[in-house]
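*Asks:* give the three-dimensional model of this entry:
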Amino acid sequence: MESTAMARSLLSLTPPNSTFSLSRPRSALPLLPPSRSAISPSNPKFSISISRSSSSDGAVTVEEKIPIEKQFPPFPSIMDINQIREILPHRFPFLLVDRVIEYEAGVTAVGIKNVTINDNFFPGHFPERPIMPGVLMVEAMAQVGGLVMLQPEVGGSRDNFFFAGIDKVRFRKPVIAGDTLIMRMTLVKLQKRFGIAKMEGKAYVGGEVVCEGEFLMAMGSES
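*Replies:* Modelled structure (predicted):
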C-alpha cells in the first residue's frame, strides 16, 4: 500500500497519460518486488516505469525491466554431444553438430552448430574475415540428416551413409564466428529397396535462412 501511495504521489506531479521512471543499471535488478526504500529517489536501486492508465479509476501499473542476459531461454537438449557421437561416426574436426533440439526418427531433426573463432577452418577461411565455408554448412546439414535416418527404428547404419546428390543449394548470407547455425532436415522420400533417402534442409541464423537445398543420401544395412 505504501508503494502504491508513493507511486500515486509521483504521478500527481506528472500530466495525464505520461510516464515517470526511476532506473539504475539493469545488472542490479532484484528478483523480489521492491520495498519503499528500493524505489526512493534518493536510493534508486530498482528500475521501474510508472504510467497513468486512461481508465476512470486512475490505475497505476509498474513494469520491471528484465536484463538482456535473462531474456533468452536456453535451447532444449533432445540429444547432447555424447548421444550424437553414439549415432554419427564423425569425429574432430568433422563432427559439426553440437546439439539436437528437436527430433522425430525417420521424419525430421533440428540441430545446432555453435560457430566459434576456434573452429579449425577459420585460420584459412579467411584470416582477415572469418566465414564458415559453404561446403561445411552443407556437411553439417547432412550430419543432421544422418541423425534423422541412422536409427534402429529407421533401419539405417552408421557404417554406410553417404551423399548421393546435392541439388538446388543456395547460400543466402555468410555465417561468421559467433553465430549459432540452426539446421532443420526433413525426410521427403525414402526408397528402402534402393536405400535412397531424399531430404530437404534449411539452415538459419537469427531466424533468417542462410543456406537451403535438397539432399540425396545413400543408406545401407550392417549386413
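*Asks:* quick check: bridge partners of Glu212?
*Replies:* Arg170, Lys202 (DSSP bridges).
*Asks:* hang on, it packs against Ala203?
*Replies:* Yes: the pair Glu212 / Ala203 is scored as a contact, 7.1 Å apart, by Cβ atoms under 8 Å. In short, each C-beta sits where N, CA and C put it, glycine included.
*Asks:* which one of these two is surrounded by more residues?
*Replies:* Of the pair Glu212 and Ala203, Ala203 is the one with more neighbours under other Cβ atoms under 10 Å, namely 26 against 17.
*Asks:* distance of that one relative to Met137?
*Replies:* 6 Å (Cβ to Cβ, to the nearest Å).
*Asks:* common neighbours of the two, please.
*Replies:* By the contact definition Cβ atoms under 8 Å, 6 or more residues apart in numbering, Ala203 and Met137 are jointly contacted by 175, 181, 210-211.
*Asks:* where along this protein do the strands fall?
*Replies:* For the chain, strands defined by DSSP state E occupy the ranges 19-22, 48-52, 60-64, 99-104, 108-114, 161-171, 180-191, 196-205, 208-219.
*Asks:* what about this protein, any weak spots by pLDDT?
*Replies:* 1-62, 152-160, 220-223 (pLDDT under 70).
*Asks:* rewinding a little: the strands of the chain: which one's closest to Ser77?
*Replies:* strand 99-104 (5.8 Å; Cβ to Cβ).
*Asks:* which helices and strands does that closest one pack with?
*Replies:* Where contact means 3 or more Cβ pairs under 8 Å, 6 or more residues apart in numbering; DSSP states H and E, strand 99-104 is packed against helix 81-87, strand 108-114, helix 134-149.
*Asks:* if we use 6 Å, what do you get?
*Replies:* strand 108-114 (3 or more Cβ pairs under 6 Å, 6 or more residues apart in numbering; DSSP states H and E).
*Asks:* re the thing from before, could the strands of the chain go into JSON lines alongside distance to Pro127?
*Replies:* Converted to JSON lines, the strands of the chain look like this (distance: least, Cβ to Cβ, whole Å):
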{"stretch": "strand 19-22", "distance to Pro127": "47"}
{"stretch": "strand 48-52", "distance to Pro127": "47"}
{"stretch": "strand 60-64", "distance to Pro127": "45"}
{"stretch": "strand 99-104", "distance to Pro127": "29"}
{"stretch": "strand 108-114", "distance to Pro127": "21"}
{"stretch": "strand 161-171", "distance to Pro127": "21"}
{"stretch": "strand 180-191", "distance to Pro127": "21"}
{"stretch": "strand 196-205", "distance to Pro127": "22"}
{"stretch": "strand 208-219", "distance to Pro127": "22"}
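*Asks:* among the ones you listed, which comes closest to Phe72?
*Replies:* Taking Cβ to Cβ, strand 180-191 is the member of the strands of the chain nearest to Phe72, at 10.9 Å.
*Asks:* which residues sit against the closest one?
*Replies:* Contact with strand 180-191 is made by 107-115, 141, 144-145, 148, 175, 197-204, as judged by Cβ atoms under 6 Å, 6 or more residues apart in numbering.
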